[in-house]
Each structure stands twice: as C-alpha cells, then as structure tokens.
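*Asks:* Build the 3D model from these lines:
(chains A and B)
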Amino acid sequence: MEHSSGQDVASGAEPHADRATAIRSATRSDPAMASRHARQRWVSMIAGPIWVGVSVIVMRFWFRYRIADVKQTRAAYRRIRGESKGPLLICANHLTMVDSFLIAWALGSGLYWMFHPDELPWNTPERKNFGRTRLQRFLIFIAKCIPITRGGPREDVGEVLERVKYLVARGETACIFPEAGRSRTGRVDESAAAWGVGRIVGAVPGCRVLCVYIRGRGQVSWSDRPADGEVLDVSLACIEPKSDVRGVRRSRDLAGQIVRQLMRMEEEYFDARK
Amino acid sequence: MDRAEVMDRVVKILTPWVKDEAALAKVSMETNILEDLKVNSARLVDVVIAFEDDFDIEIADEDVDQVNTVGDAVNLIAGKL
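*Replies:* Sure thing, here's the model as predicted:
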C-alpha cells in the first residue's frame, strides 16, 4: 500500500484566505445552508450506528467483500488524520456505485464509524441514481449524502460545491470522485476530470487531499458493484495541491494534480500486478 | 464590442465542444450550453478558459455558476469588457 504525506506544503488557496473566510464565503450565497447542514448532520449522527451497521453487514456477509491489508490501510488513515486537524478532502477513483461505502469501510471499521458517525465522510452521489424515490432520498439524507445533478443547472452544482467547501473548512470530511462519474474506460480518465474538486481545494486554505485508489482484483471495467466475494486493494496518498494561477484556471490546475496523482497510483497498482 | 459581436465569438469558441451540431445551427441567446448543445459539463472549464483567453478577461469560479445559456455567457463576458 502506498502512503505518502505532505508532498507539497503550500496551500492551494489564495494566500490571504483563511478558513473562517472560506466558511463565510460559502454561506454568503445561501445563508440557510448552515442550518440545513447542521440538521442533516445531527440526523445522520443519530441514524449512523444503524445504517453503518447494516451497510457493513451487507458488504461483509451478503456480498462477502474483503479489503486487502485492511489493518494497514486503517492505520495509515488514522496516521494521516492524526498529522493535522486541518481540512481533509478524500478524492478517489470511481468504478462502482458503492465505492463510497467501500472507501469508508476501508478507512475505518464498522465499529469505529458506529461510535464516530460524525467523522464519516460526506458524499455527493448523482441524484439520478440515488435520489429518484422518497425512500432513496431519505436514505441518502441519513447517510450523509448531498446529491448532485451532474451536468445540471450550474446554480445547483454551485450550491453543492459551496456546501462541501463549508463542511471541509469546518473540519468535516467529504469524499469526492474527481472524474464525476464512474470511469467508463475502467481506468482513471484525465479528460473526464471535472474542476469542481479544484474549486473546493482552492477555496479552503491548507486543504489536504487524501487520494484513494480502490479496485477489486476482478474488476475489469466499471460496474454497479464489485462481484460477490471480491477482494479490494486500496492505496492512499496524501497531497496538498498548490497552484500559482488564478480563477477557473487555478481550479482546473488543482483538479488536474489530484487526477494525475490517482493515475500514478493506478499505474503503480497495475505495475505491481505484472 | 457590441453583444452581437460577443455572441458570434462565443459561438465560435463553443463550436469545438458542441456535440449537437443541429442545435448549434439554430443557436440563440436562450440555447442551453449543456442541455441543448450537449457540451460535456467536465469540459465547461476549458470553454470558460477559452473565453478568458479570447476576450482577455478573468472569470471567477462563482461566475461560472451563473452561466447556463449562451446568453448568460454573452452577458457575463460583456459585463467584463
């Protein structure tokens, strides 16, 4: 498992910015967002032990998934979290619709998340996949999800990005897939990389990015979920992207650094299996 | 530079990213860039950077949240010239 930390120490954000400014800026466009966020956070904390327990039972005993070297992966994550109380954004490759669950399970045991539901990463699932019915909307609400319509109205996408900026600046964690959708080629695709992740990193001073590469050993391409009994390999690399350019260009630059890190991790994954 | 001129240049810049050429043929200020012209949302950033380069302006991330239609892009750019 790969684990590197603190490759770059310069912040991805504008030099004059601080976290309080980032929080204020995120709430300025939607003052009700903070109370909406607090409400969902509390509900998900109360419901957390139930849905986390059910999810882990389903993954472990129903689908019989296994994370390879899980103890080392969790120890590496604890070490990364322990290195700094600063903002942390998790960015991962994306091959299946259950990646968020698998990543959370790889980073902490079910028991750990049941007792620390507030530390579970927030997610931004595609509304078309997870927000179709009232039941789905309820489940993703309690499962710390902020649905997004990819390619939808820019204001809506902007609202989600503002909320993720806000929660990351507050010290909560979110898991984002920089490619937006699942990798249609089965490999990390730089051309599919959205720049939203760069917007978040660029707006939150000192934001570290935990790159997670996760892949089932039998996973050839993208799918709804890994095959039953799949063993998943996970590697972690913590970076702090930085950029000297401004505006939209800066966001694209930062997002590109994250995606290229994931591509390097993928290359290492396949090299190790030759 | 008047809005008609900005519109012509915006359409020209958009062209390489457009997947629905029929929609491009009848483009108007109301044409939605993502839904009608089928520009890939992940590539919108490249379109915006092309606007910056072509018009020699700077566009903030938040400005992009206001851009849904060709007219939104034209108004945003015209406001910065």
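
*Asks:* which regions of the chain lie under the pLDDT threshold?
*Replies:* Defaulting to chain A. A:1-17, A:29 (pLDDT under 70).

*Asks:* of all of it, which residue lies closest to chain B?
*Replies:* Nearest residue of chain A to chain B (Cβ to the nearest Cβ) works out as A:Gly158 at 3.2 Å. Heads up, the C-betas are built off the backbone N, CA and C, glycines and all.

*Asks:* Could you report the neighbour count for that residue?
*Replies:* A:Gly158: 19 surrounding residues under other Cβ atoms under 10 Å in any protein chain shown.

*Asks:* Skipping adjacent residues, who's closest to it in space?
*Replies:* Of all residues beyond its chain neighbours, the one nearest A:Gly158 is B:Asp65 (3.2 Å), with distances taken as Cβ to Cβ, 6 or more residues apart in numbering or on different chains.

*Asks:* What count of nearby residues applies to that neighbour?
*Replies:* B:Asp65 has 19 nearby residues by other Cβ under 10 Å.

*Asks:* Show me which residues of the stretch 51-200 of chain A sit near chain B.
*Replies:* For the stretch 51-200 of chain A, the residues in contact with chain B (Cβ under 8 Å from any Cβ of the partner chain) are A:150-155, A:157-158, A:180, A:191-195, A:199.

*Asks:* Apply 7 Å and report the result again.
*Replies:* Proximity of the stretch 51-200 of chain A to chain B, by Cβ under 7 Å from any Cβ of the partner chain, involves residues A:150-151, A:153-155, A:158, A:180, A:192-195, A:199.

*Asks:* ranking the residues you listed by neighbours, who comes first?
*Replies:* Going by other Cβ under 10 Å, A:Trp195 tops those with 30 neighbours.

*Asks:* Which one of the residues in chain B is closest to chain A?
*Replies:* Minimum separation of chain B from chain A (Cβ to the nearest Cβ) falls at B:Asp65, amounting to 3.2 Å.

*Asks:* Tell me which residues touch that residue, please.
*Replies:* Residues counted as contacts of B:Asp65 (Cβ atoms under 7 Å, 6 or more residues apart in numbering or on different chains) are A:154-155, A:158.

*Asks:* Grab the nearest non-local neighbour of A:Glu159.
*Replies:* Of all residues not flanking A:Glu159 in the chain, A:Asp30 sits nearest, at 6.1 Å (Cβ to Cβ, 6+ apart).

*Asks:* now do A:Asp253
*Replies:* A:Ser243 (4.2 Å).

*Asks:* gap between that neighbour and A:Ala255?
*Replies:* 10 Å (Cβ to Cβ, to the nearest Å).

*Asks:* got it, and A:Gly229?
*Replies:* 35 Å.

*Asks:* The residue nearest to A:Glu159 belongs to a strand?
*Replies:* No. A:Asp30 is assigned coil when assessed by DSSP: H, G, I helix; E, B strand; the rest coil, not a strand.

*Asks:* burial count for it?
*Replies:* 15.

*Asks:* ditto for B:Asn40
*Replies:* 16.

*Asks:* about what we covered before: so the residue nearest to A:Asp253 makes contact with A:Leu254?
*Replies:* Yes. Assessed by Cβ atoms under 7 Å, A:Ser243 is found in contact with A:Leu254 at 5.4 Å.
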